[in-house]
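J.: Prediction below, plus the sequence it came from.
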Amino acid sequence: MSTTPRVRMSGSERREQLVSVGRSLFADKGYEAVTVEEIASEAGVSKPLVYEHFGGKEGLYAVVVDREMSDLLGRIDAALTPAVPKLMLESVVLAWLDYIATETEGFRILVRDSAPGVADGSFASLLSDVAARVSGRLAAEFDQRHLNPKQADMYAQMLVGMVAATGVWWVDVQKPKRDDLAAHLVNLAWNGLSH
């Protein structure tokens with residue numbers, strides 16, 4: 001049982017507190033292991049208050065996942081701005097790794113299996129969204145360089161998969177440093193194994 005005293009908050013403040021508590025618990029234990037009782041206890045509120053705000057654990061989880069996906073996708077969209085392809089690749093890789101380093105709890109939630117009925121919040125759907133955004137930029141670059149723009153989807157999947165899989169590994173080890181890891185990822189993507 002939490003020793004946190006119950007504090008009088010507005011509805012929106014209480015909702016944000018529950019999101020924060022849920023985010024930490026889901027990151028630490030995973031969706032299945034967390035209970036509404038535990039969320040309420042950690043927040044210093046009653047179970048009915050959690051149900052009132054979110055309809056249950058599933059609703060809270062959906063809000064947490066939606067916010068994490070929006071944060072990461074926003075960072076990636078912002079990183080897709082450099083006009084030079086290699087700089088864009090570096091920018092996207094750094095944005096991804098920066099999210100992992102600064103929002104580790106959020107990333108842990110995203111890479112875990114989704115809760116039942118929250119398929120839109122799955123890591124696979126996130127990767128598809130990211131790949132679609134990258135593919136659009138790649139297609140334009142391919143066309144400009146007289147390469148087959150129809151292959152942009154395939155290359156986007158490869159690049160996103162490489163960065164995502166590395167991120168899943170790196171979230172636990174945090175070595176090498178973010179900038180060093182980004183440099184290696186960009187080197188591999190840009191030059192291949194021969195360099």
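T.: That came in fine, so what should we check first?
J.: Kindly spell out which helices and strands sit in contact with the helix or strand of the chain with the lowest mean pLDDT.
T.: Across the helices and strands of the chain, mean pLDDT, DSSP states H and E gives its lowest value to helix 123-144, namely a mean of 82. Judged by 3 or more C-beta pairs under 8 Å, 6 or more residues apart in numbering; DSSP states H and E, helix 123-144 is in contact with helix 57-79, helix 85-102, helix 104-111, helix 152-173. Bear in mind the C-beta positions are built from the backbone N, C-alpha and C, glycine included.
J.: Swap in 7 Å and give it another go.
T.: helix 57-79, helix 104-111, helix 152-173 (3 or more C-beta pairs under 7 Å, 6 or more residues apart in numbering; DSSP states H and E).
J.: Low-confidence ranges, the chain, go.
T.: 1-7, 113-121, 194-195 (pLDDT under 70).
J.: Centroid-wise, who is the farthest residue in it?
T.: Within the chain, His146 marks the point farthest from the mean C-alpha position, 33.7 Å out by C-alpha atoms, centre = their mean.
J.: Please determine how far that one is located from Ala139.
T.: To Ala139, His146 is 13 Å away according to C-beta to C-beta, to the nearest Å.
J.: So which bits of the least confident helix or strand of the chain are buried?
T.: For helix 123-144, burial by neighbour count (16 or more other C-beta atoms under 10 Å) applies to 123, 126-127, 129-131, 133-135, 137-139, 141-142.
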